[in-house]
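Q: Quick one, fold the following:
(2 chains)
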Amino acid sequence: EAGVTQFPSHSVIEKGQTVTLRCDPISGHDNLYWYRRVMGKEIKFLLHFVKESKQDESGMPNNRFLAERTGGTYSTLKVQPAELEDSGVYFCASSQLQMNTEAFFGQGTRLTVV
Amino acid sequence: AQSVTQLGSHVSVSEGALVLLRCNYSSSVPPYLFWYVQYPNQGLQLLLKYTTGATLVKGINGFEAEFKKSETSFHLTKPSAHMSDAAEYFCAVSDFSGGYQKVTFGIGTKLQVIP
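A: Next comes the predicted model:
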């Protein structure tokens, strides 16, 4: 069974450009989460989807970040326009809807804004 | 609110020596506790977890951790370090009060194993 897949694995963009990160969760996982690790800091929660609905986006840094999950399958996280402080590793995770089930993490996308 | 403190952002041990990675947590509800590991160029992998029941939990690759409520600790140990254990380790806490798993991570500890 395929795990959580993230694309691209690395992205280097210039300040002011737009970048879209993609996450394909494990098939059948209705919960989907985005996390981010800025260099030297903790991995922090960004938001949570149940199917296509955003349940909790309390961790989104600002309105330059837009997450979508059309159709309740894969999700995208767009950063527009990117700033230097957006650099970091973005992790996606997914889990089944049942309570207390483990979340599985992807490899992460390393974003560098120059 | 939940928080996790990992003592030591870098830990070095000799091959064959005891590995001890320290983690203290704060949680307003009974916590679910986790250790994740990230090997170079790989994603986060669950090493072990405590939910309820037995306070000593065993994970993959010979690691174990003990939940000590009185000390609010969940330290990770392995009796004998192997070169392949070199990685970054994250302690984490979560609750399911919102009906889903929202994880709060520690800052991570990089483990170096010296031959």
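
Q: For the residue sitting nearest the centre point of chain B, which three-state class applies?
A: Residue closest to the average C-alpha location in chain B (CA atoms, centre = their mean): residue B:35, at 3.1 Å. The three-state label given to residue B:35 by DSSP: H, G, I helix; E, B strand; the rest coil is strand.

Q: With adjacent residues omitted, what lies nearest to it?
A: With sequence-adjacent residues excluded and distances taken as CB to CB, 6 or more residues apart in numbering or on different chains, residue B:35 is closest to residue B:47, at 4.3 Å. In this view, the C-beta of every residue, glycine as well, is placed from N, C-alpha and C.

Q: is the lowest-mean-pLDDT helix or strand in chain B anywhere near chain A?
A: The weakest-scoring helix or strand in chain B, judged by mean pLDDT, DSSP states H and E, is strand B:102-105 (a mean of 89). Yes. Residues of strand B:102-105 contacting chain A under CB under 8 Å from any CB of the partner chain: B:102, B:103, B:104, B:105.

Q: Could I get these in a markdown table, plus columns for distance to residue A:73 and neighbour count?
A: Shown next, in a markdown table, are the residues of strand B:102-105 next to chain A (distance: CB to CB, whole Å; neighbours: other CB atoms under 10 Å in any protein chain shown):
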| residue | distance to residue A:73 | neighbour count |
| --- | --- | --- |
| B:102 | 22 | 21 |
| B:103 | 22 | 23 |
| B:104 | 27 | 21 |
| B:105 | 26 | 24 |
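
Q: Who's the closest spatial neighbour of residue A:72, skipping the chain neighbours?
A: Per CB to CB, 6+ apart, closest to residue A:72 is residue A:51, 3.7 Å.

Q: What is the neighbour count of the one you found?
A: Using other CB atoms under 10 Å in any protein chain shown, the number of residues around residue A:51 comes to 13.

Q: Check the one 5 residues further on too.
A: The tally of other residues near residue A:56 (other CB under 10 Å) stands at 17.

Q: Can you show me the strands along chain A?
A: Per DSSP state E, chain A carries strands over the ranges A:5-7, A:10-13, A:19-24, A:31-37, A:43-50, A:53-56, A:65-68, A:75-79, A:88-95, A:104-105, A:109-113.

Q: just to revisit the earlier point, tell me how far the residue nearest to the centre of chain B lies from residue B:90.
A: 7 Å (CB to CB, to the nearest Å).

Q: again with residue A:18
A: 30 Å.

Q: if you count what's nearby, which of those two comes out ahead?
A: residue B:90 (25 against 11).

Q: tell me the contacts of that one?
A: With contact taken as CB atoms under 8 Å, 6 or more residues apart in numbering or on different chains, residue B:90 is in contact with A:43, B:6, B:35, B:36, B:37, B:38, B:44, B:105, B:106, B:108, B:109.

Q: Just give me the closest of those to residue A:82.
A: Comparing the contacts of residue B:90 against residue A:82 with CB to CB places residue A:43 closest, at 19.7 Å.
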